[in-house]
Each structure stands twice: as structure tokens, then as C-alpha cells.
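1. Just to be clear, the model below is a prediction. Sequence and coordinates:
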Amino acid sequence: MSEGNSPPQRPREWTLEPETEYRFELDPDTTLAIKLIKGRAEIFGAELIEGKIYLFTQECKAALYTWHGCTIEMSQPSTEYVSEETPMSAYGNVHIALEQMRVRALSKIRGSPLPPGQDNVDPKLTEPPRVLILGPENAGKTTVAKILANYTVRAGQGWSPLLANVDPSEGAWAVPGSLSVTAVKSSIPTFSPATPLGFSATSAPVVISSHAHKPLVYWYGHNDTKRNPLLMDRLIRNLGENVNDRFDMYPESKAAGVIVDTPASFASNSSPPEHRQKLIKACVDAFRINVILVVGHEKLNVEMQRAYGSYISVVKIPKSGGVVELDHSYRERVQKYQLHTYMYGFAAQPPAGVTAGTLGGEAPPDLVLSPSSTRIKFGELSIYRIGTETMAPSSALPVGAARVMSEMQPVPVNPGAPGSALINAVVAVLAPHSADENERYDEELLDLPVTSFVYMWSRRTSTMSSAFRRLVTAPSSRRAYSVFSSKSGGGRYFNSAKSKAPAVVAAKAKSDTASSSKDASSSTSTASPDGTSPNDPSASRTVADTPGVVEPPSSPRTAVASPGADQQLADSVDDLAAYAAPHPTPSSSDFKLHQFFSLHRPLLLLNNPPSMFTPGPSFQAILSGPKPAQAQEKVPISVFDDYPTEAHLDADAIAARQLGRALAMSRLGSATAWETTLKHLGLDPAKEPERVELQGQMDKDWEDVQILLDSTKRKRRKKMKKHK
Ligand SMILES: Nc1ncnc2c1ncn2[C@@H]1O[C@H](COP(=O)(O)OP(=O)(O)OP(=O)(O)O)[C@@H](O)[C@H]1O
């Protein structure tokens, strides 16, 4: 990936006319840098900041769109062109319609009157938008979902829409094979296909990202929805139940609505019609969908009109000509990037000659994870597989024959048994089950959300027995996955009868742990579901008491990738093994929490070199230790000119104030820009009473910012006097 040794590239400038799009594609091992010189531009709805350098990596394919025209400076991508034909006006109109639903829904929730002339609006348009996006392969569904979510947060109304991904091949905020949902609070950046919907927070001791999501994740374990449709159906309903729980808990958040991105198999003719109809129905029911957007598929649009048109708004929207046809090998590589990124974060180098840059607004060193390997005894784990590895469809069974094993049945896995196929498996660590014995039931594992993932690898795979002896839990980054539900253990979609007998494996694991606890010297906080140290008695109790601590994919080798993924996973093993031995132990300097207030925040606009090809702060400089005192003096530490360098002792407090100011300024700035865009589309936002009220609120915010700034300056002067 490093391009550091290549000769520096000459900067190039492009001037884009209003409502045009600059599209680019990257080859493997190349990085692109783009800087907005003048005007306004966005990438899939996320606004770029003028003067900031944005890096794109890992074969990213994307487009930079401008409503009003702009000038950009960039390095050389592999493929690039400008298009004047884009569906952005149509997407903008869809957003306006959804925005009106939100405003009406909020009025209704607050009990305030509807805007004049809207009393007779169709009642279904006064509900918060719950949008399902359908379309064939490579239609741009994920991109539409991202654009709509980004426009919603950019509207300046404080909306946090929920974004759900039910495409298990995509990975979204976790790894491929999972389904997830998260609340979007700030714009979702696009810089790598490994994080198509933004990145998730990590509990690793690095920085707190301002853009990181805390998703609720369920583990499906395949990338094809046809592998286990029953499980898909159940997980979709679990996600829906959590979304509804959250809306019930925070009624005002409900107004922002939910956007659901779906896999291509929901629209594909190659899927049996009953299979896709069942899963579409599951989404419609679970998320209480009231708007279906069909991206560029006439027949599907008609089909949806017939099935749901009587009570759901079905809208066909155009497909963008820029959407890239992704082939099978590209998708495999992306899944590999995702898996690797989940464990190790990003390690992107800027193109030759570019000395600074951000990945989606974050400083690249901040996105590097330093995972550590941990040994854990199998006796301390309960590992389950859902269904069996190879299962013929029910339709292939002889007439009258019933399946002995259900597709939904958690089957304990004995890691030592031949054919357990755990090597190369991606294994999900589940949240602890309900503490209340009375609430337990047979298939509880299927309803537990994921807390983290473990990649199983072996240092020596020559013989299976030695491999298993040396099997370690792979580098596992614990992500801060949230559980929306107020109920412990997350979703409780099926509350079937209480388990007749406690799980055998749980009892066994308990005794194993009891006998092995003395020699569990280097055991694990990684695989423990609550992340506590195993040396702590409560931790080992939690592991042992938890049937279903770990649930592997039904077919470990295909669990996270499509057929033919063996080679890919084998490559991943090599990659991971190369990184993994030995992992660095995090030192105190890795605890960079203070950087939350540091100079690397995208909103602060500090340290921007005049051109991205002129030297700015290098990554090396960011990574290396403190600079000599003389050099430090030259670095501006504040946006306030009159601020003395001696006062850096309370730099965090100042940075916090700066951050607050920058956030307020950004909010006001983006709201103003958005109003301009609305006017450009022929809509006058000033006429809506809700907006007038919000405008008043924004004016007040602005006054507060001014007051805050004045008082900050006064306090600073007072402090300086005292100091002197
Ligand atoms: N206007 C555009 N210009 C350039 N690239 C684009 C554009 N729109 C989308 N893309 C790229 O095309 C690829 C496919 O888009 P996307 O993932 O949104 O499609 P999808 O329908 O969700 O795919 P899938 O078949 O996986 O369901 C992505 O890499 C995306 O970044």
C-alpha cells in the first residue's frame, strides 16, 4: 500500500460545474488524495471541508458531487471522469419528502399543530419514514442508503436516523456475515469499501473517533441469504424488535426514522420468489416499513406495488450511471479487507508527495489498531454451530421425511473432534444470556447480539492434532457494540418454552473451568463475553456459565465469504499470522484518549497546508515522540490568536471549548448550506413554521456561541493576569 518510494506526483486541479460528479476508481495498492480548494462538494452526501486532504484507499470506487460547483486538487487515481448525468436531484427530492414526514411526525409526537395546509395530509405521511431500499445487484442501494442518511444528519435538525444493514455479505460496521443497525449521528464518510457505512467504535486503547458508530450486531455466519433463510428471517425480526424498543424508549428519536439497506438477493430472479418475498415481508413487518424505494428495477417496482402498494408508498428511483459493476473477485477482496480492518484497523499511506491527509476526517494513525493475541483453553468456552455444516434443503428430503436436525438448532462443537473445522473460522462472541433462569429457552443463542469477533488460526497447520493444541484465539478487537433493547441480552424475538434441562455443554464447561482455573495462567479477556479479566473469579464464572459464549458460522470456511473463499481465507491467515506474532503490548503512550481534544479533529481546520503537495505535519511527526521545545513554539496550538503558549497546561479544556465552537459553527454552516440547496431545488424552507421555529433556535445557538466566545476570552484574560 505504501507509495512512499514512488516519485512525487504533480498536483492536478479540476473545476467542476454545478450538479456534476467526479467519479474515480482505485487499483489495489494505490491511494488517492483529494482536497477541496474552493466551493462545496460532497461524497455520497457527506460534505467535504475546504482545505482538508481526504485519502481514499483499498480499491475505493466513489464519486464527488457538487451542487454549486467547486475546484478540487488531487493525485492520480486509476480511473477518473466527470459526469453531468446524475440522479442526485431525484435523491434530493426523496430526501425532502422524507424530511417532511419527519417534521410532521415530530409535530405529532410533540402534540404541536401541523404546518398550515397540511391538516388533510394522508395520515401515513405523518408517520416517521421507515424506508426499505430494494434493487438488483450493483444498483447502488448501499450508496442511496448512505446518501439519505447523510442528508438527514446534515439537515441541521439534530436527527439521528437509524441505519440497518440486512445484507450479510456487506459486513457494514462489523465483519461479513453479520446483520446490524446503528444510529447515525454524523456524516458517514466514504474512503474504503472495507467500511462502506462508516467505522465502528473500538474499545482498544486508541482514540475515540468522532465518527465511530456503536452498532447492534447479530451473527448470521454466511454471506448468502439462501444458506439459512429461517435464521435470516429471525435475525431481521430481532433487529426490528430492537429498533422498535429504541423508538419506544426515546419517542422523539423516532421522528428521524429508519433506513434499511438490503441484499441484491431480495430482488434477484435467481432467488426462489417465495424465498425473497418471505425476507422482504420479514423486513416490512419487523421495521414497520412505510416507504419502499426500488432502485432502477421496473419489474420489482410493479411487484412491490402489487404486494404493498395499498398501505406502503412504493417509489422507483433511478440508478446512478456511476455505480460500478463489482465482480466476484473484487467482492472477495473487499471481504478480506473488512476482516483485516476489523482486527487491525487501517494502515493507509498517502500518495507520494502528499504529506498529510485524513481517512474520512480521521488522522490515519488514529485508525490503526494494536490487537494482542490471547491463549484461551477450549474448556473455558462453549462453542456452538447453528444447524449442521451441510444441510440439504427441506424440499430435497424424501416425501414424508422430516429433518432430524433443525436449521435453527444450536449444536455444540467439540474443538478436538476431527472435522470440527474451527481453523480459519470467524467466531462471534455473544452477549451474556439472561441471568434469570426462568427467561432461558432453547434457541436463546439466536437472539443474543454480538459483542466481538474472534478469528481462529493456527501457527502450524501441518497436522490437525498439533494445530488444535496450538490453536489460539486470534487477534480480536472488542468493538463497543451497543444493545438498543432495554432487555438484557438484546433481542428476544421468540420466547419459546424454558429449556427443560440446562445445556449440557454449559455444565461441562463449568466443571472444566473449575478444574482448569488453577492453570489458566494467561487466559483471556478477549473471548470473555463481558471483557473482564479471567483472573477475576467473576470472569471465569461468566465464561463457564454462558452456554453459547461463542457461536461459529455454520461452515467456518464459508462463513464470512462467498464460495471459493478458502484461498482468500488462507491468504488472510497468512496475513494475520504475519502480523500476529508477536503482537505489541500496548504501552501507556498508546492511551491517546486526550486526542479527542487534540489538533487532529477534522472540524478544527488546523494545520492545513496551503497545498496538499507542500509539506505539512507528517505522519512520522504524529507518531514520534514530543518535539523539541523550539519546534513546538512554531506550531499553532489554538485558533485564538492572542492565546499565550505558556497556558498549554489546560490545553484540553481549551480544545474542548474549540471543539464546542467548531461543532456549533459546523452545525450552523451546514444548516445554511442545506437551506441554499433546498432553495436551489425550488423549495422555500422559510415557509415551513417548523423550520421558522428551528431558525429561531439556531439564531439563539449563534448568540450563545458569541456569548461563550466572549466569556471564554474574558476568562482567559483573567487567567493570564493571575498567571503573570
Ligand atoms: N455515482 C457513483 N460513482 C462512482 N462509484 C459509485 C457511484 N455510486 C456507487 N458507486 C460505487 O459502486 C459500487 C457499488 O455500489 P453499492 O454498493 O451502493 O451497490 P449495491 O447495489 O448496494 O451493491 P450490492 O450488489 O452489493 O447490493 C460501490 O463501490 C460504490 O462506492
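-> It's in. Numbering: from 1, shown residues only.

2. how close does the residue in the chain positioned nearest to the ligand sit to residue 276?
-> Closest to the ligand within the chain is residue 322: 2.6 Å, counting by CB to the nearest ligand atom. In this view, the C-beta of every residue, glycine as well, is placed from N, C-alpha and C. For residue 322, the distance to residue 276 (CB to CB, to the nearest Å) stands at 26 Å.

3. likewise residue 381?
-> Going from residue 381 to residue 276 by CB to CB gives 36 Å.

4. try residue 36
-> Distance of residue 36 to residue 276, computed by CB to CB: 41 Å.

5. Next: residue 130.
-> Distance from residue 130 to residue 276, counting by CB to CB: 20 Å.

6. Those two - which one has more neighbours?
-> Neighbour count, other CB atoms under 10 Å: between residue 130 and residue 276, residue 130 has more, with 28 against 25.

7. residues from the stretch 201-350 of the chain in reach of the ligand?
-> For the stretch 201-350 of the chain, the residues in contact with the ligand (CB under 6 Å from any ligand atom) are 263-264, 320, 322-324, 326.

8. ok, of those, which come out buried?
-> 263-264, 320, 322-324 (16 or more other CB atoms under 10 Å).

9. So what's the residue count around the closest residue to residue 34 other than its chain neighbours?
-> Leaving out its chain neighbours, the residue that sits closest to residue 34 by CB to CB, 6 or more residues apart in numbering is residue 74, at 4.6 Å. Neighbour count for residue 74, taken as other CB under 10 Å: 26.

10. do the same with residue 309
-> Residues within reach of residue 309, counting by other CB under 10 Å, total 13.

11. Same check on residue 33?
-> Neighbour count for residue 33, taken as other CB under 10 Å: 25.

12. Which positions within the helix or strand where it lies qualify as buried?
-> For residue 33, the element it lies in under DSSP states H and E is strand 32-39. Buried positions in strand 32-39, judged by neighbour count with 16+ other CB under 10 Å: 32-37, 39.

13. Please settle this for me: is residue 100 part of a helix?
-> Yes: the assignment for residue 100 by DSSP: H, G, I helix; E, B strand; the rest coil puts it in a helix.

14. I figured it was touching residue 125, is that so?
-> Yes: at 7.5 Å, residue 100 and residue 125 qualify as touching, with contact defined as CB atoms under 8 Å.

15. The two: who's more crowded?
-> Higher neighbour count among residue 100 and residue 125: residue 100, with 19 against 16, using other CB under 10 Å.

16. can you pull the contacts of the more buried one?
-> Contacts for residue 100 (CB atoms under 8 Å, 6 or more residues apart in numbering) come out as residue 125.

17. so how far is residue 155 from it?
-> As for residue 100, its distance to residue 155 is 11 Å (criterion: CB to CB).

18. low-scoring stretches of this structure, by residue?
-> Across the chain, the ranges flagged by pLDDT under 70 are 1-10, 203-211, 371-372, 388-406, 458-663, 665-671, 677, 681-724.

19. What about residue 81, how many residues nearby?
-> 11.

20. Quick check: phi and psi on the residue nearest to it when sequence neighbours are not counted?
-> Among residues not flanking residue 81 along the chain, residue 23 sits closest, at 5.8 Å (CB to CB, 6+ apart). The phi/psi pair for residue 23 (degrees, to the nearest 10) reads phi -110, psi 140.

21. Ok, residue 265 next?
-> Note on residue 265: its backbone torsions stand at phi -60, psi -20 [degrees, to the nearest 10].

22. Quick check: it touching residue 272?
-> No: if you go by CB under 8 Å, residue 265 and residue 272 don't touch, sitting 10.1 Å apart.

23. Looking at those two, which one has more neighbours?
-> Higher neighbour count among residue 265 and residue 272: residue 265, with 21 against 13, using other CB under 10 Å.

24. State the distance from that one to residue 253.
-> 31 Å.

25. for residue 383, same thing?
-> Taking CB to CB, one finds residue 383 at 37 Å from residue 253.

26. Give me the more crowded residue out of the two.
-> Taking other CB under 10 Å, residue 383 and residue 253 do not tie; residue 383 has more neighbours (23 against 18).

27. if you skip the residues just before and after it, what's nearest to that one?
-> Distances taken as CB to CB, 6+ apart put residue 413 closest to residue 383, at 4.4 Å, once the chain neighbours are dropped.

28. what sits against the one you found?
-> Residue 413 neighbours (CB under 8 Å, 6+ apart): 383-385, 420, 422, 552.

29. Tabulate those residues (CSV), appending distance to the ligand and secondary structure.
-> Formatted as CSV, the contacts of residue 413 follow (distance: CB to the nearest ligand atom, whole Å; DSSP: H, G, I helix; E, B strand; the rest coil):
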residue, distance to the ligand, secondary structure
383, 30, strand
384, 29, strand
385, 27, strand
420, 32, coil
422, 29, coil
552, 25, coil
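
30. quick revisit: which members of the buried ones among the residues of the stretch 201-350 of the chain next to the ligand occur in helices, if any?
-> Among those, no member falls in helices (DSSP state H).

31. With distance to residue 357 as added columns, please give those residues in TSV.
-> Below are those laid out as TSV (distance: CB to CB, whole Å):
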residue	distance to residue 357
263	33
264	33
320	26
322	23
323	26
324	23
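
32. Tell me which two of these sit farthest apart.
-> Greatest spacing in these, by CB to CB: 263 and 322 (20.8 Å).
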